[in-house]
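# build the 3D model from these lines:
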Amino acid sequence: MRKNITLLFLLVASLIQAQSVQSPSKNISLDFKLNDSGKPYYSVYYKTKRVLNPSFLGIDLKDTDDLDKGFTLLNQEAKSVNEPWNPVLGEQSTIQNKYNQITFYLVQKETKRKLNIIFKVYDEGVAFRYEFPKQEKLNYFIISDEKTEFNLTGDHKTFWIPGDYDSQEYVYSETKLSEVNSNNLDMNNGIGLKTIKDKYRIQSPLMMKSEDGMYLNIFEAAVVNYPVMHLDLIPTDYKLSSHLVPNAIGDKAYLQAPCVSPWRTIMVSDDARDIVGSKMILNLNEPCKIDDTSFIKPMKYVGIWWEMHVGKSTWDYAGSQNAQNAATQDLIPSGKHGATTANTKRYIDFAAKHGFDGVLVEGWNVGWEDWFGNWKENVFDFVTPYPDYDLKEINDYAKSKGVKMIMHHETSGSVANYERHLDRALNLMKDYGYPAAKSGYVGRIIPRGEFHDGQTMVNHFNFVAQRFADYKMMVNSHESSRPTGFGRTYPNYIAAEAARGNEFNAWSNGNPPMHETILPFTRLLGGPMDYTPGIFEIKMSIYDPTKKEQVHTTLAKQLALYVTMYSPLQMAADLPENYEKYPDAFQFIKDVAVDWQESKYLEAEPGDYLTVARKDKKSENWFLGAITDENARKSKISLDFLTPGKKYKAIIYQDSKTADWKENPISYEIKTQIVTSKDFIQLNLAKGGGTAISFQPL
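The predicted structure is shown next:
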């Protein structure tokens, strides 16, 4: 009897010390253990390789004992899930959510407090979160730190941006982990607000590649009522640990049990296409909470926007473009204001003529004379137009042309002011039939001392999406915290910027040619990006001969971005007159779909190249986009994604033989050929170039 009891004790002890769970394909496995001090830790393996060395888990609490050690295992529960679902808008009409899950129910012996750790193992990676169950010993609590570790196995190649609490609008650096140091960056980069607290702090999603060809990505999903997670690096040891963005007084998160943390994710594969094509982040979010989603529709739009960036016109009525001139009662117009009734009608006419769904107008409302840099609270009221912008006349005109107007809500970082005015602003949109708004958060946040990535602002961005849903409207946020899949839960959160967009090419050192080959591996994993592609006049000297700025791509690559940079909200960002110069190339922007039945990632290498094919959700048309970095590239692509037995007319928009992003960016050629699924197409991409193809069944 005693022998049996001893064997039972050893078995239980073994279960407590080591538990494993595998992905459905069995390629990925996770080990979870408690050490002798009752500290939880985990390791991750891909096939025969270790991906993460043992990494500790835990939570530090303010003014009470931490939840990081002294645990025993109460119980564990495993299950397998395979639940396909259909996104309202997306890269594919059906998404498979398939994983193996194990939950460890822990109790801290000394405090009697409970903590659950839930692991989900997908074929493309591992996800885990902390769960705080309802309990007598833990009710309201404050997180002062999260002690999640990601201990890497080597000095991987890394694509990183600094851990800035207020901005993700940086160019990616490509270095070894051991070479990460934000002190070495050129900060004359056009970013208006920078809040970097540590030279070894970097942002997620963090894309990496090991020397033996393994691709890794560390990110998070379902950030709700919680701050954004950045990553603190020990460069010499290749160790990463979670860093939660604090609030104005240094606390990280205010919570009440029962509640959960966001999911922490580690994607891994020996094929980069598995990372860039993953829907794991979306899968980890809650299903759609909007009962009637009929108002959520994809849109292609034009707008009064780029002309301000290139200096042709101004946001403010007085025409100063200073943004820090105190407004007066008797503003004197200079004639440079972009958002006039007449100019807006011109854009409406252009949209109607070429089949665009909407027109965005920035600078339509009073306040732009003095809106940035002074931490000013009451800037915009979001309802009062400038004297030269007739809301009713414009909206009546747009309606007569079958075009929707897209509202613009720049908050200037004064979030408290926006929330006070939000319902009045939404009612104005409702009165005039606006389906969507673009919001902006340029500048330091009010409430003063809060950061763009803190819990307060995460809650604000999510609240705005929910409030827009109440009014059956869509929202596209700029300068927000980066998406982590919340668009599955509220698909009216149709897009966001939250990264360095195309606009930086107009007035700063711009975006290097590799930039767009990295974003799909990082920013776009969490949701669609409003990158605003489609710039045809590449060099800004066309507007001012003294300007040296330019877009760092060829024109053909700007076309390809409509396929490689997924968004159901796509802007033709250039000026109407510039599109009229190149009507043959403009045809691709008119033709390309924005909502997809199926997507195939054909080639992928972060920082180097990406080739994607997508099938329109509403037709049998396919579209292909291929982009490269600063290096010219040749590739032979199989067309086996096309429907067998069908013939297609392939219209190929490609770089000419002499094209070059810097020396000859607008040189392109268009050719047509008949193809089937058995054929191949040769891609010839110039330096900083691309190819866009539309396949139309005959």
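
# pull the contacting residues for residue 82.
24, 96-98 (CB atoms under 8 Å, 6 or more residues apart in numbering). Just so you know, the C-beta spots here come from the backbone N, C-alpha and C atoms, and that holds for glycine as well.

# buried members of those residues into PyMOL, please.
Only the buried entries of the contacts of residue 82 go into this PyMOL selection, using 16 or more other CB atoms under 10 Å:
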select buried, resi 97+98
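
# can you flag which of the contacts of residue 82 belong to strands?
With strands taken from DSSP state E, the overlap with the contacts of residue 82 comprises residue 98.

# farthest pair within the contacts of residue 82?
Greatest spacing in the contacts of residue 82, by CB to CB: 24 and 97 (11.2 Å).

# just give me the neighbour total for residue 593.
By the criterion of other CB atoms under 10 Å, residue 593 has 22 neighbours.

# tell me how many other residues surround the nearest residue to it once chain neighbours are set aside.
In space, and not counting its chain neighbours, residue 593 is closest to residue 616: 3.8 Å by CB to CB, 6 or more residues apart in numbering. By the criterion of other CB under 10 Å, residue 616 has 19 neighbours.

# wouldn't residue 616 be in contact with residue 596 here?
Yes: counting by CB atoms under 8 Å, residue 616 does reach residue 596; the two are 6.8 Å apart.

# save the contacts of residue 82 as JSON lines, and put in distance to residue 265 and pLDDT too.
Below are those laid out as JSON lines (distance: CB to CB, whole Å; pLDDT from 0 to 100):
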{"residue": "24", "distance to residue 265": "17", "pLDDT": "98"}
{"residue": "96", "distance to residue 265": "17", "pLDDT": "98"}
{"residue": "97", "distance to residue 265": "14", "pLDDT": "98"}
{"residue": "98", "distance to residue 265": "16", "pLDDT": "98"}
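
# between the contacts of residue 82, which is nearest residue 588?
Using CB to CB, those come closest to residue 588 at residue 96, 30.8 Å.

# below-threshold pLDDT in the stretch 101-250 of the chain: ranges please.
By pLDDT under 70, the stretch 101-250 of the chain has no low-scoring segment.

# which stretches of it form helices?
All residues of the stretch 101-250 of the chain lie outside helices when identified by DSSP state H, counting those that start in this stretch.

# give the contact list for the residue nearest to residue 593.
593, 595-597, 622-623.

# highest neighbour count among the residues you listed?
residue 622 (26 neighbours).

# who's in contact with the residue nearest to residue 538 when sequence neighbours are not counted?
Excluding its sequence neighbours, the residue lying closest to residue 538 (CB to CB, 6+ apart) is residue 665, at 4.1 Å. Applying CB under 8 Å, 6+ apart to residue 665 gives the contacts 538-539, 550-551, 553-555, 659, 688.

# with residue 462 instead?
Here residue 462 is in contact with 224, 486, 490 (criterion: CB under 8 Å, 6+ apart).

# how about the helix or strand that it is a member of: buried residues?
Element membership for residue 462 (DSSP states H and E) is helix 455-470. Buried positions in helix 455-470, judged by neighbour count with 16+ other CB under 10 Å: 455-458, 460-462, 464-469.

# any idea of the angle the next helix or strand after it forms with helix 455-470?
Sequence order places strand 474-478 as the next helix or strand after helix 455-470, per DSSP H and E. Counting by axes from the mean of the first three to the mean of the last three CA atoms, to 10 degrees, strand 474-478 lies at 150 degrees to helix 455-470.

# just name whatever secondary elements strand 474-478 is in contact with.
strand 436-440, helix 455-470, strand 493-496 (3 or more CB pairs under 8 Å, 6 or more residues apart in numbering; DSSP states H and E).

# partner strands of that strand and their direction?
Sheet pairing for strand 474-478, assigned by DSSP bridges, gives strand 436-440 (parallel), strand 493-496 (parallel).

# out of those, deepest packed?
Mean neighbour count (mean count of other CB atoms under 10 Å) peaks for strand 493-496 among the strands paired with strand 474-478, with a mean of 28.

# which SSE is immediately downstream of that strand?
Next in sequence after strand 493-496, counting helices and strands by DSSP H and E, comes helix 504-507.

# in that next one, what's buried?
Residues of helix 504-507 classed as buried by neighbour count (16+ other CB under 10 Å): 504-506.

# again with stretch 228-235
Within stretch 228-235, the residues that count as buried by 16+ other CB under 10 Å are 228-231, 233, 235.

# measure stretch 79-94 end to end?
End-to-end distance for stretch 79-94, by CA to CA, to the nearest Å: 22 Å.

# and it, which residues are buried?
For stretch 79-94, a neighbour-count test (16+ other CB under 10 Å) marks 87-92 as buried.

# and what of stretch 199-216?
Buried, per 16+ other CB under 10 Å, within stretch 199-216: 199-210, 214-216.

# does residue 129 really touch residue 264, like I thought?
Yes: Residue 129 is in contact with residue 264 according to CB under 8 Å; the separation is 6.9 Å.

# show me what the helix or strand hosting residue 695 packs onto, helices and strands only.
Following DSSP H and E, one finds residue 695 within strand 690-697. The contact analysis (3+ CB pairs under 8 Å, 6+ apart) places strand 690-697 against helix 555-564, helix 583-591, strand 622-628, strand 648-655, strand 680-685.

# all helices of the stretch 351-500 of the chain, in order?
Per DSSP H, counting those that start in this stretch, the stretch 351-500 of the chain carries helices over the ranges 391-401, 415-432, 455-470, 486-489.

# name the nearest residue to residue 402, ignoring sequence neighbours.
residue 352 (6.2 Å).

# cool, residue 544 as well?
Excluding the flanking residues, the one nearest residue 544 by CB to CB, 6+ apart is residue 311, at 6.4 Å.

# wait, that neighbour touches residue 543, no?
Yes: taking contacts as CB under 8 Å, residue 311 lies within contact range of residue 543: 5.9 Å.

# from residue 369, how far out is the residue nearest to residue 593?
Distance from residue 616 to residue 369, counting by CB to CB, to the nearest Å: 44 Å.

# from the contacts of residue 665, pick the one nearest residue 527.
Closest to residue 527, out of all of the contacts of residue 665 and judged by CB to CB, is residue 553, at 23.0 Å.

# pretty sure the closest one contacts residue 536?
No: using CB under 8 Å as the test, residue 553 is too far from residue 536 to be in contact (10.9 Å).

# more crowded one of these two?
Taking other CB under 10 Å, residue 553 and residue 536 do not tie; residue 553 has more neighbours (32 against 23).

# just the pLDDT for the more buried one.
pLDDT, residue 553: 98.

# quick one, phi psi at it?
phi -140, psi 170 (degrees, to the nearest 10).

# check contacts around it.
513, 516, 538, 561, 627, 661, 665, 688-690.

# quick one: which of those is nearest to residue 449?
Distance to residue 449, by CB to CB, is smallest for residue 516 among the contacts of residue 553, at 34.8 Å.

# check the offset of the helix or strand where the closest one lies from the chain's centre.
Using DSSP H and E, residue 516 sits in helix 515-518. Counting by CA atoms, centre = their mean, to the nearest Å, helix 515-518 is centred 13 Å from the centre of its parent chain.
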